[in-house]
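Asks: I'd like to go over a predicted model; first the sequence, then the structure.
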Amino acid sequence: MKKIVSFWILAALIVLTTIILIMKTSLPIFTFIWLVVPLIILIKNKKQVLGIEKILKNELIKYTLLHFAILTIIYLIFEPWSGSYKLLLEIAVNMDNPDPTFIWLTRYNGLLSYSIMFLITLFVTIFGEELFFRGFLYHYFKKKISPLGAIIIQAGLFAVPNLIIGLMMPPLQSIIFIFGYAFLAIGCVGGYTAYKSGTIWPGLISASTMNLILVLIYI
């Protein structure tokens, strides 16, 4: 599995770099970090758990559905009246140099745009986030403190780079996006799923699917 994930990361880096050069997108520095650090760990063969172990099919389905159900509840609580994710999408696609994940929504129409965006989300963007935070950081801190403490710390660290997007939003939407979505929905729920399943795979599938659904609702 380590070799497969190593090649996956290399392919993701190549794809991301190609998109930036050809599509003239913004430079997602954090995404490069999320991908490069685990790759270095894998290349050096360090005994660092990254949450990339195999998982039984039934377990994968169970924890993916659990993760997705909790995400759905959180977004149903906050999104209808705040529109925080809708605002995130507006910011992402309307920048002078759109984000590599969402630029496809501005260049193509219909099924093609959604399909490419979903694949980039699943295999590059959210994959990097899950690998670094719910994989590397969660398991790193779990060795030193309790699983609950590790979940909270990695979720808090995940929320930090999202402050950049939060600063572009009105105060209420910013708070909901940073604490409700980044910290709670993605960070804590993703961390809990990683704790229960022992891997990043349920969280990766669920978060990528939820992102696609929200895009389909708003775009």
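Replies: Everything's here; your move. Numbering: from 1, shown residues only.

Asks: Disregarding residues adjacent in the polypeptide, which is nearest to Q173?
Replies: Excluding its sequence neighbours, the residue lying closest to Q173 (CB to CB, 6 or more residues apart in numbering) is S84, at 4.4 Å. C-betas here are computed from N, CA, C, even on glycine.

Asks: Which residues are in contact with the one you found?
Replies: Applying CB atoms under 8 Å, 6 or more residues apart in numbering, we find S84 in contact with F78, M169, Q173, I176, F177, G180, Y181.

Asks: Just the buried residues of the least confident helix or strand in the chain by mean pLDDT, please?
Replies: Of all helical and strand segments in the chain, the minimum by mean pLDDT, DSSP states H and E falls on helix 104-107, at a mean of 88. Going by neighbour count (16 or more other CB atoms under 10 Å), the buried part of helix 104-107 is W104, L105.

Asks: So which residue is smack in the middle of the chain?
Replies: What sits nearest the mean C-alpha location of the chain, by CA atoms, centre = their mean, is I126, with 3.0 Å.

Asks: you'd agree that residue is up against L204?
Replies: Yes. I126 is within contact range of L204, at 6.0 Å (criterion: CB atoms under 8 Å).

Asks: in this structure, which helix has the most residues?
Replies: Ordering each helix of the chain by length in residues (DSSP state H) puts helix 57-82 first.

Asks: Now the element after that helix, going C-ward?
Replies: Sequence order places helix 84-94 as the next helix or strand after helix 57-82, per DSSP states H and E.

Asks: ok now do L167, which residues does it touch?
Replies: S174.

Asks: tell me which element the nearest residue to Y108 once chain neighbours are set aside falls in.
Replies: Closest residue to Y108 apart from its sequence neighbours, by CB to CB, 6+ apart: I116 at 7.0 Å. In the assignment (DSSP H and E), I116 maps to helix 110-120.

Asks: what about that helix, average pLDDT?
Replies: Mean per-residue pLDDT for helix 110-120: 93.

Asks: Please write out the alpha-carbon positions of whichever helix or strand comes after that helix in CSV.
Replies: Remark: after helix 110-120, the chain's next helix or strand is helix 126-129, criterion DSSP H and E. Output of helix 126-129 as CSV, limited to C-alpha atoms (Å, rounded to 0.1, in the frame of the first residue of the first chain):
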residue,chain,number,x,y,z
ILE,A,126,-8.8,16.5,-0.4
PHE,A,127,-6.5,13.5,-0.7
GLY,A,128,-3.7,15.7,0.4
GLU,A,129,-5.6,17.2,3.2
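
Asks: and helix 126-129, average pLDDT?
Replies: 96.

Asks: Packing partners of it?
Replies: helix 2-23, helix 29-43, helix 201-218 (3 or more CB pairs under 8 Å, 6 or more residues apart in numbering; DSSP states H and E).

Asks: chain center to it, what's the gap?
Replies: How far helix 126-129 lies from its chain's middle: 4 Å, per CA atoms, centre = their mean, to the nearest Å.

Asks: just to revisit the earlier point, can I get the helix holding I116 in CSV, CA atoms only?
Replies: C-alpha atoms of helix 110-120 as CSV (Å, rounded to 0.1, in the frame of the first residue of the first chain):
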residue,chain,number,x,y,z
GLY,A,110,-22.3,20.4,-17.3
LEU,A,111,-21.1,16.9,-16.5
LEU,A,112,-17.5,17.5,-17.8
SER,A,113,-16.8,20.3,-15.4
TYR,A,114,-18.3,18.5,-12.4
SER,A,115,-16.5,15.2,-13.2
ILE,A,116,-13.0,16.8,-13.5
MET,A,117,-13.6,18.9,-10.4
PHE,A,118,-14.6,15.7,-8.5
LEU,A,119,-11.6,13.8,-9.7
ILE,A,120,-9.2,16.6,-8.7
